[in-house]
Structure formats: structure tokens, C-alpha cells
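**Q** pasting a predicted model and its sequence here:
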Amino acid sequence: MVKPRIECVPAGDPGLAKEAVKLVKRAGLRLDDWQRYAFERALYTGPDGKWSAMEVGVDVARQNGKGGILEARALAGIFVFGERLMIHSAHLVDTSLEAMERLLWLIEDIPEFDSQVKRVVRTNGREGIIFRSGQRIRFRTRTKGGGRGFTADCLLLDEAMYLPEMVMGALIPTLSARPNPQIWYTGSAVDQMVHDHGTVFARVRRRGMAQEKGVAYFEWSAPYEIDTVSEHLDDRAAWVAANPAMGIRINEEFIKTERRAMDNRTFAVERLGVGDWPNDEDIDEAISWDRWRELVDPESEMLAPICVAFDVPPARDRVTIVGAGLRPDGLTHFQTMEYRAGTGWFGNRMGELVSRYNVHSISYDPGSPAASLVRQLENMGLEVEKVGARDYASACGAFQDAVMEGTVRHHGTDELATAVKNAATRPLGDAWAWSRKNSAADISPLVAATLAVWQASANLTSVYDERGVLFVGGSEPEAPAGRLVDGEWVSA
């Protein structure tokens, strides 16, 4: 058996774990030695009968068999531990539904298990298995509010490298009222250039590496760092270390095919488990996370006109467009107008926004990767404003002040939450600005929001006509005035 390279196992009694293994075997689920190794050790109990590990992390390369461990945990939760509600959460709908079907196959093959099933729910968004005892397993895809209103005994978080902060904010409180809850995170290595929401899993890994109390962690990976692994990509020992199912469900010829087909970085992350992990320990909280959440207002709207800003991360794999405007109460509202992969769509989309909404200004940071997109807008006859270094530093400080003073509102969307939670700063003259290099995730949504709010605060004034519609300087603009309602512009 290939043991995990990184391992954290809190001490405890293995008695309940052994009962779980017997149950899983009776269900016909054959666990590999490495799967059983992690499964058993994650289920040790303390003298009080509670889990030694409230948090369990399993990090192993794709297609090795993480799903089998989660199936075993679900079966044990229902038929051994008597848990009332389990929530299985996945990043994609197909993954969540496949997990439910695989678990049903196991249950339906054993008459004594199948007889305990009362109903299977396949209604979109309500998928789950309900047992005659009243126990339930819900299968959910990640949403900002998914899980609210439930009281769960166990969370099974598959694809943990895609786990937004706001999702965790909805799910974790579901455990607070239960006497012996447990959370499982299963996934593969995080590449912060690809995985915008990998910080949650990175924290679990860091806690496991630090041998923190209450954490069980198991990682199969090659013993290299992302910046030195390129010379070891053909090392068979590295393949074995990162793939405990090699020779079982993953064959060597397939890995050779992947090696030829993938670029070096992708192969290192996906097959060798060598991640480019975000380091949230090095990040000072530039914006209070608690304060940020207090300013979430799902019903908030901005009146005409609005200021728009855009930004692009160093990887140049997406563009963020943020709009900001004043509310009737004088506060500033900002929201993401677009957060989409690629850059080819940008010019057309910005043209749509300008023609559809009452846009006062479009701005960007000329020292950022966003500068390369300006020509698209200029060729369309659109005016674009540069925010120089001095003003950019002022904008960053003003944005931080606005959050702390509570003069802004937002919708609490995932891309902005991730950027705020992971943003780092850098000195800029006598002031400071956001640092892309030192931040643990893509902060382009935060950069765009900072610029949009800066422009709105500087250029939009609270002057109304007889209809109560906000205008700049009191003069009616050429574009229709109005407000954004559920993403649609409603003319005044």
C-alpha cells in the first residue's frame, strides 16, 4: 500500500471505525487498502464518544477513488452512526447526481438496506434519499445559500478545490446544533492560477500539516514544489507516490498518455498532486471580513447613472466588469456586471452595457493586464479613463474606508467575497494598493470594484429631478435614466 506523504491522525479509539468497515464490506463496497487506511483513521473517537477529528481532508490525484471513500462514509453515517441528516455537496450538478446514483446502486443491491429506503427524490434542487427512520441524505451543488435552514450531522464536500468562502458561510452553521458533527473535504491539489476558490481546502491542508487538534488529513503527492517539479515529471516513483490506485484503476500506460497530452504544470498538479497552494497565513486582512458580510444587501439597487470599471488577472484567463452608482439613500452600491472566462467577448459586452445602461464613465488601471483590452473599446468609439498610480492608491484607501464606515452596499457574490478574503496589499509611494502577486486568489473583481466605487464617489452627486431620478449635476443624460432590478435596467 502507498501511504500518504502528508498525514495527520488524531489519537482515538478505532472501535467505531472497524464497525463502519464491516458495514461497508457487507454493502459490497470494496475499498482499496489506501482508501480503508484513510477511512478508518478519520473515524477514531475520543473518550467522550465524539469524533477525534471534526474535520477530515483527503487530497489525492483525480480518478484514484475519492468517491469510494465518500460512499463508505455515507453508508456508515446512515447504517452505523445513525446520523439524521447528511449533506453531500459537489461543485457540478453532474457530479452530485452521479454520487447519488452510485450510493443508490450500493443500497439497492442489499435487501436489508433497500428495505429501509422510504423515498428517492430526484426533483431538481431537492435530490436526496429519505429513509423510513426519518434519516436523510441530501445531494446539493454549490450555491451561496445552499444548506441554509438545515441541521446536518455530516457534510461531505467533494471537489474541495472549488469551495467558495460564501458557500462555507452557508454550510458550516448547519453543524452547530448537532452533538457530534463531522466535515469531510475531498479533492485534488489546488493550483491558485486555475482554482479561484481553493483557499478553503488550502486552510484544511495547512491545519493538517500543522497537526492541529481535531483535524485528520491525508495527502498523496510527489515530494516536490511547483517551481522545481518540471525536472521530475517522468519519475515513476513520483507517479506512484501521488497515485495510490496505480495498478488498480489507473494504469501506467494511461499516465504516459496524459504526460504526452498535458502541459508540464497541468500534469504536475492533476497527476502528481503538486499544487500551487494559496498561503492565507501571509495575508493581512486588508478589509474586515466580518464588516464585509455586514454590508451584504441582496435587495440593493443603484440608480442612473453608473460608473463602470474592468480588470484582468495576470493569467489573462477572464475579465471582470463592475458597476457602481448611488442609491436613493445616498449610499454607494456596486455589483459585478460580468465575470467571465476569456477576453474575446469583452468589447461586445461592454458595448451592450453602454448602450443599455446610463454609463457615466469606464475606467481601468493602466499598469494592469487590463490595459491590453482598451483598444477594443477605443475602436468602438468609447472613451476610457486611466486611473493613474496616485489616484489608484487613493481609490484603494477610499474603498477600504467606505467598507469600514459602512457607506457602500453589495450583493455578496462569490467572486468578490473570494477576492476580499484573499487580498493582500503592497506599498505604493506613501500609500498602498492591492497586490496581485501576494494575494492568494484572483483579486480582479476587487480591483474593478475599487475603481468603480472611486469614480462613482468622485463624479456622481445626489441631485434629483421631479421624478426622483438621480442625475449627474442635475442635468438629464442622453441615455435613459432608471435603475437595475434583478440584473435588468428599468427606465424611470
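**A** Structure's in. What do you need?

**Q** wait, what's in contact with Thr94?
**A** No, residue 94 isn't Thr; it's Asp. By Cβ atoms under 8 Å, 6 or more residues apart in numbering, the contact set of Asp94 is empty. Every residue, glycine included, has its C-beta placed from N, CA and C.

**Q** can you report phi and psi for it?
**A** As for Asp94, its main-chain torsions (degrees, to the nearest 10) stand at phi -60, psi -40.

**Q** separation between it and Leu163?
**A** 17 Å (Cβ to Cβ, to the nearest Å).

**Q** helices or strands up against the helix or strand harbouring Val447?
**A** Assigning secondary structure by DSSP states H and E places Val447 in helix 444-459. The criterion is 3 or more Cβ pairs under 8 Å, 6 or more residues apart in numbering; DSSP states H and E, and the helices and strands that helix 444-459 contacts are strand 306-311, strand 318-326, strand 332-341, strand 359-364, helix 389-405, helix 414-422, strand 431-435.

**Q** tell me the mean pLDDT for that helix?
**A** Model confidence over helix 444-459, given as mean pLDDT, is 94.

**Q** next, the buried residues of it.
**A** Taking 16 or more other Cβ atoms under 10 Å as the basis for neighbour counts, the residues of helix 444-459 that come out buried are 444-457.

**Q** relative to strand 359-364, how tilted is that helix?
**A** Per axes from the mean of the first three to the mean of the last three Cα atoms, to 10 degrees, the angle that helix 444-459 makes with strand 359-364 is 130 degrees.

**Q** can you give the distance of helix 444-459 from its chain's centre?
**A** Average the C-alpha atoms of helix 444-459, do the same for its chain, and the two points are 23 Å apart (Cα atoms, centre = their mean, to the nearest Å).

**Q** next, the angle from that helix to strand 306-311.
**A** Here the directions of helix 444-459 and strand 306-311 differ by 150 degrees (the same axes, to 10 degrees).

**Q** tilt between helix 444-459 and strand 431-435?
**A** Using the same axes, to 10 degrees: helix 444-459 against strand 431-435 is 140 degrees.

**Q** that older thread, deepest-packed of the helices and strands packed on helix 444-459, please.
**A** Mean neighbour count, computed with mean count of other Cβ atoms under 10 Å, is highest for strand 306-311 among the helices and strands packed on helix 444-459, reaching a mean of 29.

**Q** now do it, average pLDDT.
**A** Throughout strand 306-311, pLDDT has a mean value of 96.

**Q** and what of stretch 259-269?
**A** 94.

**Q** what residues sit buried inside it?
**A** In terms of neighbour count (16+ other Cβ under 10 Å), stretch 259-269 has its buried residues at 265, 267-269.

**Q** give me the pLDDT value at the closest residue to Glu108 other than its chain neighbours.
**A** The spatial neighbour of Glu108 that comes closest, neighbours along the chain excluded (Cβ to Cβ, 6 or more residues apart in numbering), is Asp114 at 4.9 Å. Here, the pLDDT recorded for Asp114 equals 94.

**Q** Asp114: neighbour count?
**A** Burial measure for Asp114: 12 neighbouring residues, criterion other Cβ atoms under 10 Å.

**Q** next one: the one 10 residues further on
**A** Residue crowding around Asn124 was assessed by other Cβ under 10 Å; the count is 7.

**Q** could you do the one 3 residues further on as well?
**A** Neighbours of Glu127 under the rule other Cβ under 10 Å: 21.

**Q** quick one, strands of the stretch 1-150 of the chain?
**A** Using DSSP state E, counting those that start in this stretch, the strands found in the stretch 1-150 of the chain span residues 6-8, 55-59, 85-90, 117-121, 128-131, 136-141.

**Q** sorry, back to before: now the buried residues of helix 444-459 in a markdown table, with distance to Tyr217?
**A** Supplementary listing: the buried residues of helix 444-459 in a markdown table, determined by distance: Cβ to Cβ, whole Å:
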| residue | distance to Tyr217 |
| --- | --- |
| Ser444 | 31 |
| Pro445 | 30 |
| Leu446 | 30 |
| Val447 | 33 |
| Ala448 | 36 |
| Ala449 | 34 |
| Thr450 | 36 |
| Leu451 | 40 |
| Ala452 | 40 |
| Val453 | 39 |
| Trp454 | 42 |
| Gln455 | 45 |
| Ala456 | 45 |
| Ser457 | 45 |
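
**Q** gap between stretch 233-240 and the chain center?
**A** For stretch 233-240, the gap between its own C-alpha mean and the chain's C-alpha mean amounts to 30 Å (Cα atoms, centre = their mean).

**Q** export it as CSV, just CAs?
**A** Extracted in CSV, the C-alpha atoms of stretch 233-240 (Å, rounded to 0.1, in the frame of the first residue of the first chain):
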residue,chain,number,x,y,z
LEU,A,233,7.7,14.7,-14.3
ASP,A,234,8.9,11.4,-15.8
ASP,A,235,9.9,10.0,-12.4
ARG,A,236,7.9,6.8,-12.0
ALA,A,237,8.4,6.9,-8.2
ALA,A,238,6.6,10.3,-8.2
TRP,A,239,3.7,8.8,-10.2
VAL,A,240,3.3,6.0,-7.6
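
**Q** could you measure from the closest residue to Pro369 other than its chain neighbours over to Asp442?
**A** Using Cβ to Cβ, 6+ apart and skipping residues adjacent in sequence, the residue nearest Pro369 is Val312, 4.2 Å away. Separation of Val312 from Asp442 (Cβ to Cβ): 10 Å.

**Q** likewise Thr123?
**A** Plainly put, Thr123 is 35 Å away from Asp442 if you go by Cβ to Cβ.
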